[in-house]
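K.L.:
Just to be clear, the model below is a prediction. Sequence and coordinates:
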Amino acid sequence: MNDSPEQRTQRRTRELADIEARLRQALELNESILNASTATVLVYREDGQCILANPAAVRMVGGSREQLLAQNFNAIASWTRTGLQDAAHRVLVTNTPETLERRFQTTFGLDIWAEIHLSTFDMNGSRHLLLMLQDISDKRRAEEELRLAASVFHASAEGVMITDAEGLIISVNPAFTDITGYSAAETLGRKPSMLKSDHQRPEFYGDMWNTLLAEGRWQGELWNRRKGGQAYLEWLTINRIDDSLGKPIRYVAVFHDITEMRRKDEHIHHLALHDALTGLPNRELLMERLNQALVRSLRERQRLSVAFIDLDRFKGINDALGHDIGDNLLQQVGDRIRRCLRTTDTVARVGGDEFLVLMENLTSARDCATKAQQLLDEIARPIALPGYKVEIGASMGMAFYPEDSDQPLELMKRADMAMYAAKEAGGHTYRFFRQEMLERTTRRLTLEMDLRRAIANNELELHYQPKIDLIGGGITGVEALLRWRHPRQGMQAPAEFIPLAEENALICDIGAWVIDEACRQSAQWRSRGVDLRIAVNVSTRQLESGNLLQQLCALAHRHGISAACLELEITESTLMEDPERVAGLLQQFREAGMRIAVDDFGTGYSSLAYLRRLPIDILKIDRSFVLDALADEEDAQIIKTILALGQSLKLAVVAEGVENESQASLLQSLGCDQAQGYLYARPMPANDLESWLHDHRATRAACNHAEE
């Protein structure tokens, strides 16, 4: 058909319109597809300018569409830092697509991992870069977690074993091999029962799997066996892993070897309940067994005994031969006691040289007495020690259930009371508890509590007894003697409370009060013209305190007198406990002006060599020798010896306990210097002493006048 030019123009116009319509539809369709796509799409011109960004890209990269379209990838820092810019240029030049994985921070502050596909296409005669991104941040995190888990799995010090749903091992870590000795090749495809030991009962494993199936987890201790056959204890945790339907697909067991830890725990437990020196049970374990034994004895109506054993003279041996020898002695004694007992009995070391014995299922008291004597005889046998052979005795006290108490602590206390009764009986013997022991102990405890309050309540007093010159009849001084006027029980004899004060260290406080009161009284007498040296008794504990000299000087200074106004009386036994140390202390007292007297002389075991070196001034003959000197030639001879010793050492000698003229005459005939006793005056309060002094002077003056 031959169309006219006009027709051809119209037709061409219609065709172009049709093409334009189809193109518009295609562009709208593509834009709809891009906008709806979850894939991130960015298009860049060859010069790097962004010309297209779909909504997914906006969401992923951040910012707005207008901001993205304003960017040029040649100016984006993250593209340069991650190498994405070089890859884009490479793809544009080579026309070869590339896929990359990169982590980058967008211009708008997002930190993402992305899988990036780069490719090119031509449009309107120009090459363009098509960039499609997929956010793989979650995937990379999961991969990182898997890598971390794999690293932990291989590096863990705990053994890990993974089984399938049937219980077949599918994976183990290196620690599993280190602990069990089995390699992965030796375990894969086998069941965990390959490690099974003989330490657990079959029902143990049944209970374990029932718990695992019901709760999805089991945890506890399990004995297994290594490849070499050695059993080991492990702390095991098993977790069940289920699929989406709740069916088990894996079991993961994590364990570590606690065998050595258990051994250490058992060792520590043993140390906590046993004496470190002898290996015997200690007080805590004994109490535990005693409680259990009392329950059994009550149920089975049986008798049991608690025996308290204390060694005689152990301190002397320990001090003389050394603590290592003393420790060896205690070990042998503990072993001897243990070998004398039945396997059902218990011997415990509860401190120092003290042992406690628990015996159950006893019959008669005679059997108990026989066993007690057997124990004492066994302890008394000669003991071979490194370089020495010694003999040592023991004192033993026994208390019984149900007769004496049904309480463990009370039984122990009453056995202790009985032991002290055995000590007081001379040692190397035993005593059964008696009610009067408790009453006596209660009285002593009450007395001790009252004594602690005596100073604060002004219940203590000093009485003074004169010392008489046997030649001229004058007063050479006085001895201060302590008295306690109890508010309910009246005047207490010193023998009742002084030993008690010595035992519990109250003697130091009481001794300080005595010195203070003696200084006060001396100052008062001197203000009235009475010049008398006051002798005060000093105990071993006061000497050991280390501050007695400072205390004496400070109190004398406070009352305005010289320390020389005091005389110290120290027993012979105190001197001989440690003569070298005591000599140094006494020398300090002498240098301060005080005189030193040895009290109760003759009752101890003084060495003449020591006496010659001791800085002493006076020997006081013990009253026990004076009492029988007239009838007992041996006592008279002892007095002669003491007087001769005093004369040779140039010491004054005072006889105590002079009660009649016959005794005074004998002492005077033997050459004794001074005397003290009821013949002249009883101990009396300070005011009474002043009156006595007045009368004594008057009597002497009258006698002298009559003689003239």
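P.N.:
Perfect, I can see it now. Just so it is clear, the model here is predicted, and its values are computed rather than measured.
K.L.:
can you give me the helices for the stretch 351-500 of the chain?
P.N.:
Assigned by DSSP state H, counting those that start in this stretch, the stretch 351-500 of the chain shows helices spanning 365-380, 408-424, 435-454, 494-503.
K.L.:
want to try CSV for these, with mean pLDDT and mean neighbour count as columns?
P.N.:
Where C-beta positions appear, they are placed from N, C-alpha and C, glycine not excepted. As requested, those are exported to CSV (pLDDT from 0 to 100; neighbours: other C-beta atoms under 10 Å):
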stretch, mean pLDDT, mean neighbour count
helix 365-380, 86, 16
helix 408-424, 91, 20
helix 435-454, 78, 14
helix 494-503, 82, 16
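K.L.:
Dump those helices into CSV; add distance to residue 668 as well.
P.N.:
Putting the helices of the stretch 351-500 of the chain into CSV (distance: least, C-beta to C-beta, whole Å) gives the following:
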stretch, distance to residue 668
helix 365-380, 49
helix 408-424, 39
helix 435-454, 40
helix 494-503, 29
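K.L.:
got the domain boundaries for the chain?
P.N.:
Under the assignment automatic domain parsing, the domains of the chain span 37-137, 156-262, 274-433, 446-703.
K.L.:
Any chance of those in a markdown table with distance to residue 146 as columns?
P.N.:
Formatted as a markdown table, the domains of the chain follow (distance: least, C-beta to C-beta, whole Å):
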| stretch | distance to residue 146 |
| --- | --- |
| domain 37-137 | 14 |
| domain 156-262 | 14 |
| domain 274-433 | 52 |
| domain 446-703 | 74 |
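K.L.:
Compare the ones you listed and say which comes out lowest on pLDDT.
P.N.:
In terms of average pLDDT, domain 37-137 trails the rest of the domains of the chain, at a mean of 84.
K.L.:
picking up where we left off before, can you tell which of the domains of the chain is closest to residue 14?
P.N.:
domain 37-137 (24.2 Å; C-beta to C-beta).
K.L.:
isn't residue 518 right up against residue 568?
P.N.:
No: counting by C-beta atoms under 8 Å, residue 518 does not reach residue 568; the two are 10.7 Å apart.
K.L.:
Excluding its own residues, what touches stretch 231-240? List them.
P.N.:
159, 179, 197-199, 208, 212-213, 216-226, 248, 250-259, 262 (C-beta atoms under 8 Å, 6 or more residues apart in numbering).
K.L.:
buried sites along it?
P.N.:
Within stretch 231-240, the residues scored as buried using 16 or more other C-beta atoms under 10 Å are 232, 233, 234, 235, 236, 238, 240.
K.L.:
in which helix or strand would I find the fifth one?
P.N.:
What it means is residue 236. Assessed by DSSP states H and E, residue 236 sits inside strand 231-242.
K.L.:
Show me the beta-bridge partners of the nearest residue to residue 392 once chain neighbours are set aside.
P.N.:
Nearest in space to residue 392, with sequence neighbours left out and distances taken as C-beta to C-beta, 6 or more residues apart in numbering, is residue 311 at 5.7 Å. In this entry, residue 311 is beta-bridged to residue 394, by DSSP bridges.
K.L.:
Make sure residue 508 is indeed in a helix.
P.N.:
Yes: with DSSP: H, G, I helix; E, B strand; the rest coil as the criterion, residue 508 is located in a helix.
K.L.:
What's the local residue count around it?
P.N.:
18 (other C-beta atoms under 10 Å).
K.L.:
Can you tell me how far it is from residue 367?
P.N.:
46 Å (C-beta to C-beta, to the nearest Å).
K.L.:
now residue 336
P.N.:
When residue 336 is compared with residue 367 (using C-beta to C-beta), they lie 20 Å apart.
K.L.:
ditto for residue 659
P.N.:
52 Å.
K.L.:
Please apply the same query to residue 385.
P.N.:
33 Å.
K.L.:
Then residue 332?
P.N.:
26 Å.
K.L.:
repeat for residue 289
P.N.:
Taken as C-beta to C-beta, the span from residue 289 to residue 367 is 21 Å.
K.L.:
Please point out which parts of stretch 101-121 sit buried.
P.N.:
Of the residues in stretch 101-121, those buried (16+ other C-beta under 10 Å) are 102, 104, 106, 107, 112, 113, 114, 115, 116, 117, 118, 120.
K.L.:
Next, count neighbours for the nearest residue to residue 461 once chain neighbours are set aside.
P.N.:
Residue nearest to residue 461 in three dimensions, not counting chain neighbours: residue 483, with 4.6 Å by C-beta to C-beta, 6+ apart. Per other C-beta under 10 Å, the neighbour tally for residue 483 reads 16.
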